[in-house]
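S.K.: the following block contains a protein sequence and its predicted model.
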Amino acid sequence: MLIDAKQKKWFAAFVLLSAAALAGWWYINRTIPGGLRGGDTVGLWFGSLGSVLMIYAGLLAAHRKVPSWWWLGARKTWLRGHVWMGLLSVVLILCHSSFHWGGPLEKTLWWVLIGVIVTGILGVILQNILPRLLTSRVPTEAPYEQIPHLCREMRRKADAIIDEVCGAYDPSPPILENTIAVVQYASNAKAQLRDFYENEVRPFFDAKVSRRSPLFNPLQAEARFTKLRRLPGLDDATHQVDDLARYCEERRLMAEQERIHFWLHAWLLVHIPLSVALLVLGVTHVVTALRY
């Protein structure tokens, strides 16, 4: 969710409602001997409203399952409500508890709630930063789900290029037993191109590629391909080497896209379980409070 001008009304509502809740708590807390407690009528109202807003925020995930229910409203509206009403629920719960930690269950609830809020804020920050970073670093963004298929296609085309230049692939490594064999290998540009391709370029097209590959570094990749272009015997294969370099550059950009995409969604791996735990602990808190 982007924090833009469209958030002004939500932010204003959050500030005004938070101020009203805090002002109401401050006034009532002063008028009640011993201060406002969570079990008092007003305290229960604060807790109930805060819980309703938490449930509303938690129902965002369920909204995806029923997109045809138009009367629920647009998903963007729910997403904004998820953020701002979720923050407002924290203010109401603070008023409900009169800014006290409470017992062991309540302390656990507070720590889980803090975790939910922190990861949620982190998610909003990442969603406002990473898409712009992705646009600046990856000029031509590929559909994320299609990246493994695109890698396989690039490998297939690269295999055809190398087979055209170097001939059919012989998986047995060259035997360099003496100086003559070493000299012969050093003068065989196509053999060196084949080894470079099999050892560095072809693995670079794997769906899960190691970031230790020197081809991840644009400068190192360019240096290696420049060295290949200068090898005697590859003068007639410059175009093919350029195609390999271009494929490697495209794979590097896809890997950058995958990395940014991971961090764009990784916070959910913490935020969602904490949100579920918060709802479960909240129900437990209500049941135990009513029973005891």
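M.R.: Done, it's in.
S.K.: next secondary structure after the longest helix along the chain?
M.R.: In the chain, assigned by DSSP state H, the helix with the most residues is helix 104-137. Downstream of helix 104-137, the first helix or strand assigned by DSSP states H and E is helix 147-166.
S.K.: which helices and strands does the longest helix of the chain pack with?
M.R.: helix 75-97, helix 238-266, helix 268-291 (3 or more Cβ pairs under 8 Å, 6 or more residues apart in numbering; DSSP states H and E). C-beta here means a position set from N, CA and C on the backbone, and glycine is covered the same way.
S.K.: ok, now with 6 Å
M.R.: Judged by 3 or more Cβ pairs under 6 Å, 6 or more residues apart in numbering; DSSP states H and E, helix 104-137 is in contact with helix 238-266, helix 268-291.
S.K.: now that helix: buried residues?
M.R.: Buried residues in helix 104-137, counted by 16 or more other Cβ atoms under 10 Å: 106, 108-110, 112-113, 115-117, 119-120, 123, 126, 130, 134.
S.K.: quick one: it to helix 238-266, angle?
M.R.: Comparing the axes of helix 104-137 and helix 238-266 via axes from the mean of the first three to the mean of the last three Cα atoms, to 10 degrees yields an angle of 160 degrees.
S.K.: helix 268-291 and helix 104-137, what's the angle between them?
M.R.: Using the same axes, to 10 degrees: helix 104-137 against helix 268-291 is 160 degrees.
S.K.: ok, Ala207 - contacts?
M.R.: Contacts of Ala207 were listed using Cβ atoms under 6 Å, 6 or more residues apart in numbering, and they are 148, 151.
S.K.: from the buried residues of helix 104-137, pick the one nearest Ala255.
M.R.: Of all the buried residues of helix 104-137, Ala255 sits closest to Leu134, with 12.3 Å by Cβ to Cβ.
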